[in-house]
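# Sequence and predicted model, in that order:
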Amino acid sequence: MTIHPPTSAISAIGLRKSYGDKTVIDGIDLNVAEGTIFSLLGPNGAGKTTVVQILSTLIPADGGDIRVGGHDLAADPDSVRGTIGVTGQFSAVDNLLTGEENLIMMADLHHLGKAKGRRRAAELLEQFDLVDAGPRTAATYSGGMRRRLDLAMTLVGSPRVIFLDEPTTGLDPRSRRGMWQIIRALVADGVTIFLTTQYLEEADQLADRIALLDHGKLVARGTADELKRLIPGGHINLGFIDEDELEAASHALRGDVIRDDETLTLAVATDGSAESIRLVLDRLSFESIPVETLSIHTPNLDDVFLTLTGTSDTQKADLR
């Protein structure tokens, strides 16, 4: 019997999907804790949308033991649908209806009843700062307003798990950050977010945990900081008061050190972990060499993405 973690909002063990002789998802495992943001990253064609479609009951898996919101996906898909909401990169908003009418339409689909449906629509217009725009047709909305309305429509049924498939594609930076605030507020209320995005900064800013999918396999997973430490190139910059201290520190550390006499700094290779930094500082302390300034530089998620995807012999890492 397969045992799923009791606090998982989403759990998949051995998830597989093929189309003919083409394997799209090759036996991956996922675990998303309740009330967190999980981001699935990967290049185009890696299988991200297929994973979302399977977990949201839109297409069947070929294999795997999957639970969403505590419900078995294969045995009880209706209960899964009652637990989740889905917002894709292509809006479900009806341009011919007003914002309020779009929300009331969703309330009718959820069988909320006329009075309760109107109350829920009013609550969501308020929550998403769309009260003034509510009487206007959605065709007059800006891109950011349409995305907010689209997400508000997803929330009509009060889902506890929401799949956001590239929700900020095409938005300007201000609208994107506004959507981030909404997502964070949802998670603060206990909602679980499963996010796919083409913006690596978005995953870095929002996600509690990240998984990197390539050629249907998970090639890395962990927090953003854990993933960054997988990639060489991280270093700490140490600043000194004068040339004598710079010279002493350079001699004490040796090894993989880049010296800059003009700025009185040393760049010391490190994986960015607290332990590696402590070892450097302990060495300088032992030699009685004071450090004036210290800054940490690690590879970003772009570096992780480019290094770990797109090759046949992809490096694999499991940071559970």
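Good, I have the coordinates.
# okay, CA-based contacts and neighbour counts for the rest of this
Fine.
# can you map out the strands along the stretch 201-320 of the chain?
Here the stretch 201-320 of the chain has its strands, by DSSP state E, counting those that start in this stretch, at 209-214, 217-222, 235-239, 257-260, 265-269, 293-297.
# Ok, which of those comes nearest Ile25?
Among these, the nearest to Ile25 by Cα to Cα is strand 217-222 (6.5 Å).
# Need the strands of the stretch 201-320 of the chain in CSV (columns: mean neighbour count).
Converted to CSV, the strands of the stretch 201-320 of the chain look like this (neighbours: other Cα atoms under 10 Å):
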stretch, mean neighbour count
strand 209-214, 24
strand 217-222, 22
strand 235-239, 21
strand 257-260, 16
strand 265-269, 23
strand 293-297, 13
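# right, and these - which one's nearest Leu112?
Taking Cα to Cα, strand 209-214 is the member of these nearest to Leu112, at 34.6 Å.
# hey, what's the closest residue to Asp62 other than its chain neighbours bridged with?
Nearest in space to Asp62, with sequence neighbours left out and distances taken as Cα to Cα, 6 or more residues apart in numbering, is Lys17 at 5.0 Å. Counting by DSSP bridges, Lys17 is bridged to Ile25.
# Give me the number of neighbouring residues for Lys17.
23 (other Cα atoms under 10 Å).
# With Gly20 instead?
By other Cα under 10 Å, the residues close to Gly20 number 7.
# hang on, the earlier thing: make sure the residue nearest to Asp62 is actually in contact with Ile25.
Yes - at 4.9 Å, Lys17 counts as touching Ile25 under the criterion of Cα atoms under 8 Å.
# Could you list the domains of the chain?
The chain is divided into the following domains under automatic domain parsing: 8-93+141-228, 235-297.
# Go through these and pick out the most buried.
Comparing the domains of the chain by mean neighbour count (mean count of other Cα atoms under 10 Å), domain 8-93+141-228 ranks first with a mean of 19.
# circling back: let me see the contact set for the residue nearest to Asp62.
Contact analysis of Lys17 by Cα atoms under 8 Å, 6 or more residues apart in numbering lists 23-26, 61-63.
# Quick check: the gap between the nearest residue to Thr137 once chain neighbours are set aside and Leu109.
In space, and not counting its chain neighbours, Thr137 is closest to Thr98: 3.8 Å by Cα to Cα, 6+ apart. Thr98 sits 17 Å away from Leu109, going by Cα to Cα, to the nearest Å.
# what stretches of this structure score poorly on pLDDT?
For the chain, the stretches flagged by pLDDT under 70 are 1-6, 89-91, 272, 310-320.
# can you give me the helices for it?
Under the criterion DSSP state H, the chain contains helices at 48-55, 77-83, 99-109, 114-127, 143-154, 173-188, 200-206, 224-228, 243-253, 274-286, 301-308.
# what would those helices look like in a markdown table with distance to Lys217?
Output for the helices of the chain, formatted as a markdown table (distance: least, Cα to Cα, whole Å):
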| stretch | distance to Lys217 |
| --- | --- |
| helix 48-55 | 10 |
| helix 77-83 | 25 |
| helix 99-109 | 36 |
| helix 114-127 | 38 |
| helix 143-154 | 29 |
| helix 173-188 | 27 |
| helix 200-206 | 19 |
| helix 224-228 | 16 |
| helix 243-253 | 40 |
| helix 274-286 | 30 |
| helix 301-308 | 12 |
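# Need the residues that contact stretch 137-157.
Residues contacting stretch 137-157 (Cα under 8 Å, 6+ apart): 82, 85-87, 91-99, 102-103, 106-107, 110, 120-121, 124-125, 128, 130, 133, 167-168, 170-172, 175-176, 179.
# CA atoms only for that stretch - export them in PDB, please.
Only the C-alpha atoms of stretch 137-157 are listed here, as PDB (Å, rounded to 0.1, in the frame of the first residue of the first chain):
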ATOM      1  CA  THR A 137     -17.900  44.600 -19.800                       C
ATOM      2  CA  ALA A 138     -14.700  42.600 -19.500                       C
ATOM      3  CA  ALA A 139     -13.700  43.600 -23.000                       C
ATOM      4  CA  THR A 140     -12.800  47.100 -21.500                       C
ATOM      5  CA  TYR A 141     -10.500  45.600 -18.900                       C
ATOM      6  CA  SER A 142      -6.700  45.900 -19.000                       C
ATOM      7  CA  GLY A 143      -4.500  42.800 -19.000                       C
ATOM      8  CA  GLY A 144      -3.900  43.000 -15.300                       C
ATOM      9  CA  MET A 145      -7.600  43.500 -14.500                       C
ATOM     10  CA  ARG A 146      -8.600  40.500 -16.700                       C
ATOM     11  CA  ARG A 147      -6.100  38.300 -14.800                       C
ATOM     12  CA  ARG A 148      -7.500  39.400 -11.500                       C
ATOM     13  CA  LEU A 149     -11.000  38.700 -12.700                       C
ATOM     14  CA  ASP A 150     -10.000  35.300 -14.000                       C
ATOM     15  CA  LEU A 151      -8.500  34.400 -10.700                       C
ATOM     16  CA  ALA A 152     -11.500  35.700  -8.800                       C
ATOM     17  CA  MET A 153     -13.700  33.500 -11.000                       C
ATOM     18  CA  THR A 154     -11.500  30.500 -10.000                       C
ATOM     19  CA  LEU A 155     -12.200  31.400  -6.300                       C
ATOM     20  CA  VAL A 156     -16.000  31.500  -6.500                       C
ATOM     21  CA  GLY A 157     -16.100  27.900  -5.200                       C
END
